[in-house]
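[1] structure of the sequence below:
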Amino acid sequence: MTKVKPYKNSDLGKKEQVTKMFDAISKEYDGLNRVISFGIDVKWRNKVVKIVTESKPNIILDIATGTGDMAINLARTKADKIIGLDISEGMLNVGKEKILKKGLQDRIEMVVGDSENLPFENDTFDAITVGFGVRNFETLEKGLSEIYRVLKPNGVFVILETSVPTKTPFKQGYHLYTKNIMPFIGKLFSKDRSAYRYLSDSASVFPYGEALNNILREIGFINVINKPQTFGVATIYTSSKK
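    Numbering: from 1, shown residues only. As a prediction, this is how the structure comes out:
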């Protein structure tokens, strides 16, 4: 089983720690993301939306939806219903405000929930997405198995996640940026100084590329493909269910 260490030394489990972390940084999360990623994360999300749109889904689940960026973008698919699920109520509250401002409250529902114990029936969703969230699962295989369970046969599953470049000089530049510059920016603007160190550390040890492809295949997903983005600093994984 693949587990990523918690972001602090604590008696709390990883889920509780991650929940508290994202609650603490929820107000500044969107702005910091744009700064830290130089806005490129918007381009990556648009690619995910394009992939999902091609499957013409009617009902979509966005796991680890956070403040709802992916769920809001997925409204462009013309799906009748989009559910954004996250373990952090603080992040969801920010997302709800954004959804109201855009008048999407009739199509997008924000739900507090655990990715490893999804509150949905088998074979419910035409498409499921996770943007920068699978590395926060306490047990990766358990979360992916739950996703497989609630995805309809022939449904599409798309992951957008950070990864580590393998080619010089991008690999060296990535490590310099994530180990030093990104946590420094987080310290300047965030109340929780440990949060952006955790985000950096968790990305560096999380399985990516063919390693994650193989885990998806072991769960039962088919048509598994990974597409590195921007020199490999992120990767889009697509797969489906028999």
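[2] got the buried residues for the longest strand seen in the chain?
    The single longest strand within the chain, with elements called by DSSP state E, is strand 151-162. Neighbour counts over strand 151-162 (16 or more other C-beta atoms under 10 Å) mark 151-152, 155-162 as buried. For every residue, glycine as well, the C-beta is placed using N, CA and C.
[3] now the two most distant members of the residues you listed.
    152 and 162 (28.0 Å; C-beta to C-beta).
[4] pull out the buried positions in the helix or strand hosting residue 90.
    For residue 90, the enclosing helix or strand under DSSP states H and E is helix 89-101. Using 16+ other C-beta under 10 Å as the test for burial, helix 89-101 gives 90-92, 94-96, 98-99.
[5] what helices or strands is the top helix by length along the chain leaning on?
    When the chain is scanned for its longest helix (criterion: DSSP state H), the result is helix 40-54. Applying 3 or more C-beta pairs under 8 Å, 6 or more residues apart in numbering; DSSP states H and E, we find helix 40-54 packed against helix 29-36, helix 69-74, strand 125-131, strand 151-162, strand 234-240.
[6] can you tell me which of the ones you listed is packed in deepest?
    Most buried of the helices and strands packed on helix 40-54, by mean neighbour count (mean count of other C-beta atoms under 10 Å): strand 125-131, with a mean of 27.
[7] given that strand, what are its sheet partners and their directions?
    Strand pairing for strand 125-131, determined by DSSP bridges: strand 59-63 (parallel), strand 151-162 (parallel).
[8] for residue 242, give me its contacts.
    153-154, 220, 222 (C-beta atoms under 8 Å, 6 or more residues apart in numbering).
[9] closest one to residue 46 out of those residues, please.
    Among those, and counting by C-beta to C-beta, the member closest to residue 46 is residue 154, at 23.9 Å.
[10] distance-wise, check the closest residue to residue 229 other than its chain neighbours relative to residue 215.
    Leaving out its chain neighbours, the residue that sits closest to residue 229 by C-beta to C-beta, 6 or more residues apart in numbering is residue 44, at 5.5 Å. According to C-beta to C-beta, to the nearest Å, residue 44 stands 21 Å off from residue 215.
[11] do the same with residue 160
    Taken as C-beta to C-beta, the span from residue 160 to residue 215 is 16 Å.
[12] now the longest helix of the chain and helix 29-36, what's the angle there?
    110 degrees (axes from the mean of the first three to the mean of the last three C-alpha atoms, to 10 degrees).
[13] just the pLDDT for residue 182.
    The per-residue pLDDT reported for residue 182 equals 73.
[14] surely it is in contact with residue 35?
    No: between residue 182 and residue 35 there is no contact under C-beta atoms under 8 Å: 9.6 Å.
[15] if we can go back for a sec, can you redo the helices and strands packed on helix 40-54 as TSV with mean pLDDT and distance to residue 172?
    Below are those laid out as TSV (pLDDT from 0 to 100; distance: least, C-beta to C-beta, whole Å):
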stretch	mean pLDDT	distance to residue 172
helix 29-36	75	19
helix 69-74	98	30
strand 125-131	98	26
strand 151-162	97	17
strand 234-240	97	17
